[in-house]
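Q: Sequence and computational prediction follow.
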Amino acid sequence: RPPRHPLASDGRRSAAEEEAAGGCYDEPVPPLPLERPAVMPRPIEQWHQVVKSRDMRALQDLLAEDVVFVSPVVHTPQAGRSITMAYLQAALQILNNDSFRYPNQWYGADSAVLEFECEVEGISINGIDMIHWNAEGRIDRFKVMVRPLKAVNKLHEMMGRELQRAAAQPRAQRAHRLAF
């Protein structure tokens, strides 16, 4: 009979195998030392202000010229401030309603992950904004991930309509519009 693999098909070791291996998978693992800012980083404070005020001039100032936007539904990353502004403005128009909130946030030295929740047309949307900023404090990468699939599909449908509507507006109106 061949010897049993250290990890059985169910992924667990027998007590005898565990003792022979000299340890236990259930032992607590010490946390990794993380260098996290104790306070919210300035670019994230500014992002929250944009979300709250819907100020597109402030958003433009916050985004680096070479910012890259990664959409949950568009395969190719979108490069540049103007296309990123279009996507973020449309997303704010659709998602930033009375139910929108950021329940959790994690910060690094030059990046952050912000979990968001909201409800749109009866569908609960849960997602994250992965934001990176450059040495000047301007956002240079903005990635959005959304779940569940029903929410992704609804967001795809609504973003398409909103982007088409915005593209049909005169440029001056597009640059500063965000009132419902």
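A: Ah, there it is. Remember, it's a predicted structure, so these values are computed and weren't measured experimentally.

Q: which non-adjacent residue is nearest the spatially most central residue of the chain?
A: Centrality entry for the chain: nearest residue to the mean C-alpha point is Asp129, 1.6 Å, by CA atoms, centre = their mean. Nearest residue to Asp129, sequence neighbours excluded (CB to CB, 6 or more residues apart in numbering): Leu114, at 4.5 Å. From N, CA and C alone the C-beta is placed, and that goes for glycine too.

Q: picking up where we left off before, check the offset of the helix or strand hosting the residue nearest to the centre of the chain from the chain's centre.
A: Following DSSP states H and E, the helix or strand that holds Asp129 is strand 123-133. For strand 123-133, the separation from the chain centroid amounts to 3 Å (computed by CA atoms, centre = their mean, to the nearest Å).

Q: State the next helix or strand along the chain beyond that strand.
A: strand 139-147.

Q: which helices and strands does the very next helix or strand once past that following strand pack with?
A: Sequence-wise, the next helix or strand downstream of strand 139-147 (DSSP H and E) is helix 149-168. Helix 149-168 is packed against helix 81-95, strand 111-120, strand 123-133, with contacts defined by 3 or more CB pairs under 8 Å, 6 or more residues apart in numbering; DSSP states H and E.

Q: With distance to Met56 and mean pLDDT added, can I get the ones you listed in CSV?
A: Formatted as CSV, the helices and strands packed on helix 149-168 follow (distance: least, CB to CB, whole Å; pLDDT from 0 to 100):
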stretch, distance to Met56, mean pLDDT
helix 81-95, 6, 94
strand 111-120, 19, 97
strand 123-133, 17, 97
